[in-house]
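**Q** what's the 3D shape of this:
(2 chains)
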Amino acid sequence: MLDYLQKCFELYFRYEQYVPSYSEALDILAKDYLDKIDLVKLLNVEDEEIIKLMAKKAKRITELNFGKVILLYAPLYIANFCENGCVYCGFFKLRKYPREKLSLEQMEEEMLQIKNEGIDSILLLTGEDRKNSPFAYIKNACKLATKYFSEVSIEVYPLSKEEYEELARIGVIGITIYQETYIKKDYEKLHLFGPKKDYEFRLYTPERALKAGFKTACIGPLLGLSLPKLDVYAAILHADYLMKKYPQAEIAISFPRLRAANTEFKTKHVVSDKEFIKFLLVARLFLPRIGINLSTRERPNLRDALLDICITKISAGSKTTVGGYLGKKEDSQGQFEVEDRRMVTEIIEVIRKKGLRPEFTNWIRGVRPYELL
Amino acid sequence: MFTIGGKTLKSRLFVGTGKLPDYTLISKMYYEAKVEVFTVAVRRIGLNTKHEKSVLEFIPKEAVIMVNTSGATNYKEAIKIAQIGRELTSSDWVKVEIEKDTKYLFPDNYETLKACEILVKEGFKVFPYIYPDLTIAKELEQIGVTAVMPLAAPIGTNKGIGCEVLLKPIIAEVEIPVIIDAGIGRPSHAAQAMELGADAVLINTAIATAKDPLVMALAFSKAVEAGRLAYEIGLLKEYEYAQASSPLDDFIKG
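**A** The predicted model follows:
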């Protein structure tokens, strides 16, 4: 993957300044399969008319591949202890605020609350701290979640292949892991200390999970940490690489934009709505079968506009604070600020108004990934 | 009227539900477009929640449910999914769909054959989704599947009968029903499949993503009927040149 990424970067820099003409862009859009050069060219498009055409094609591709359906899920933050020095993150170790983790009883209460909203797909999250949130703690949380949810995924610190195998065996289906930035020198600057400093270990995380029997992997950069266009390009090709190497897996991508997180970090790389939309469209055009997730970091009106264009999965009613679903804490203690605070019922109504069907169930309770174990 | 899997059906149009924008379309298709068989992916069968009823609640009692094992990547998984599907729906019709790639969704004929062997023994009415491969189709027939469902083109592509040269031998050589599945994008494609002699077609994307799925289901229903009628009466041959055909034939013959 590292060598591959390096080659991809070289190609990118050859076409970095290449903005396709209107007619060349049309030719690219007329193709069934895009190559890497097409990818760079489309990422360089600024012409609004072309972006509108890209949206039109993206919408059709999404419908053909995923139907008129949006999957719903909810994130559940179970612990916010963290050993890492990620300067942009609300869980940054040096940030002083009460660190907490949910007990199994508290977790169950929160899960029931989420379940009661009708959600059947859950993403469990922690910070990175093997002392306070050891693997066994995560495993117990997963076990509990499989009791209530048909699809259980994790967004926790990178684990070993053996640990992923254990989780797959108890029915965990998916992993979400953001590389944050694919640009190594910036990655090293942004992660001051802690296990997350290891760029490579993180980069190979989705592969360890997929080799261990996970069925789905969601990857992406955190836009705003480094050069956004280059990060999007790298993430799309990372996803493409995973799809080719693990064709049985379901790969998804997400482009979270950096939001205020109660830290001093100010980004030099602000991503405009137009850029953000273009990135999502290009991902869809290059990878027709990829899942695209959209988080509650984005504003309601923008989320709604994107729903029937290229999105396949959204979170709803999200709380990013430990204990947030039972309303115990302020959301300002969260990992990032939630922009879309609408209730699940409101989101469902929007989905239906768009002529789409909200889908809650994405896997089968009791069927472990691949049934190989 | 035709009989398949122990049921006598009027409609040769089977419809998939996975991509539908609204499950209330199912009963409309049943009553208005006379569709009788609906496929349901087991991975999409949710419980009734406060926001949405399970898809099963939307299927009229008289309709036939064919559960499908989509999402399965090997025969063990497919078997387990089929068993759960039967449990949830009380229907023993199962479409065996096993795919090892999520990009093209091509069926894995080898795993499919293994799954079918076991499912047939377990008493399922088995409908394997396959690549149009005559050898596999014959083997499946021998182990006792109810029908074979070869693809016309990759799922969701709307490309039509792309594999005609491979489908024709299957239709000719296999005694069990042949249902053309996947890739059919237009009513004319469905008619073409029926003209070739297919026993039924299964459509999802082309109906579900149409501007008005019910109207499109009606269009498909008519096309399937027309194609079948034409097949039964016998299609006329195509020629490169004009063919003499006149009342004088008898005289010319002398």
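**Q** As a check, name the ranges of all strands in the stretch 51-200 of chain A.
**A** Assigned by DSSP state E, counting those that start in this stretch, the stretch 51-200 of chain A shows strands spanning A:69-79, A:121-126, A:151-155, A:174-180.
**Q** where does the chain dip in pLDDT?
**A** Reading this off chain A. Within chain A, the set of residues satisfying pLDDT under 70 comprises A:260-263, A:328-337, A:369-373.
**Q** That was the other one, I meant chain B.
**A** Ranges of chain B meeting pLDDT under 70: B:244-245, B:254.
**Q** Run through the helices of it in chain order.
**A** For chain B, the helices defined by DSSP state H cover B:24-32, B:75-89, B:109-121, B:134-143, B:164-173, B:187-196, B:205-208, B:213-233, B:249-253.
**Q** buried residues in the second one?
**A** Buried residues in helix B:75-89, counting neighbours by 16 or more other CB atoms under 10 Å in any protein chain shown, are found at B:75-86, B:88-89. For every residue, glycine as well, the C-beta is placed using N, CA and C.
**Q** Quick check: the gap between the residue in chain A sticking out farthest from the centre and residue A:49.
**A** Distance from the C-alpha centroid of chain A, by CA atoms, centre = their mean, peaks at residue A:23 (33.5 Å). Here residue A:23 is placed at a distance of 12 Å from residue A:49 (CB to CB, to the nearest Å).
**Q** and if you look at residue A:256?
**A** From residue A:256 across to residue A:49, the span is 28 Å (CB to CB).
**Q** who's in contact with the residue in chain A that chain B sits nearest to?
**A** Nearest residue of chain A to chain B, counting by CB to the nearest CB: residue A:67, 2.3 Å away. Residue A:67 makes contact with A:357, B:18-21, B:204-205, B:208-209 under the criterion CB atoms under 8 Å, 6 or more residues apart in numbering or on different chains.
**Q** Intersect the buried residues of helix B:75-89 with the contacts of chain A.
**A** By CB under 8 Å from any CB of the partner chain, the members of the buried residues of helix B:75-89 lying near chain A are B:76-77, B:80-81, B:84.
**Q** so which of the buried residues of helix B:75-89 would you say is closest to residue B:167?
**A** Of all the buried residues of helix B:75-89, residue B:167 sits closest to residue B:78, with 23.4 Å by CB to CB.
**Q** I'd say the closest one and residue B:113 touch.
**A** No - between residue B:78 and residue B:113 no contact is recorded; they are 11.0 Å apart, counting by CB atoms under 8 Å.
**Q** Which one, of the helices of chain B, ends up nearest to residue A:247?
**A** Nearest of these (CB to CB): helix B:109-121, 13.6 Å.
**Q** list the buried ones in that closest one?
**A** Buried-residue list, helix B:109-121, by 16+ other CB under 10 Å: B:109, B:111-120.
**Q** Restricting to these, which residues neighbour chain A?
**A** Applying CB under 8 Å from any CB to those, none is adjacent to chain A.
**Q** how about those in TSV, adding distance to residue B:224?
**A** Shown next, in TSV, are the buried residues of helix B:109-121 (distance: CB to CB, whole Å):
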residue	distance to residue B:224
B:109	26
B:111	30
B:112	25
B:113	28
B:114	32
B:115	28
B:116	26
B:117	31
B:118	32
B:119	27
B:120	27
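**Q** re the thing from before, of all the contacts of residue A:67, which two lie farthest apart?
**A** Within the contacts of residue A:67, A:357 and B:205 form the most distant pair, 14.3 Å apart (CB to CB).
**Q** follow-up on the earlier one: now flag whichever of the buried residues of helix B:109-121 is closest to residue B:162.
**A** Residue B:162 lies nearest to residue B:109 out of the buried residues of helix B:109-121, by CB to CB, at 17.2 Å.
**Q** I figured the closest one hits residue B:132, correct?
**A** No - counting by CB under 8 Å, residue B:109 sits too far from residue B:132 to count as a contact (9.8 Å).
**Q** in chain B, what residue is nearest chain A?
**A** residue B:19 (2.3 Å).
**Q** Now do the contacts for that residue.
**A** A:63, A:66-69, B:204-205, B:208-209.
**Q** cool, and residue A:361?
**A** A:120-121, A:150-151, B:43-47.
**Q** Now do the residue nearest to residue B:225 when sequence neighbours are not counted: how many residues are near it, please.
**A** Spatial nearest neighbour of residue B:225, excluding adjacent residues (CB to CB, 6 or more residues apart in numbering or on different chains): residue B:12 at 7.6 Å. Neighbours of residue B:12 under the rule other CB atoms under 10 Å in any protein chain shown: 24.
**Q** ok, residue B:12 - contacts?
**A** Residues near residue B:12 by CB under 8 Å, 6+ apart: B:2, B:194, B:199-201, B:224-225, B:228.
**Q** what's the spacing between it and residue B:210?
**A** Residue B:12 sits 19 Å away from residue B:210, taking CB to CB as the criterion.
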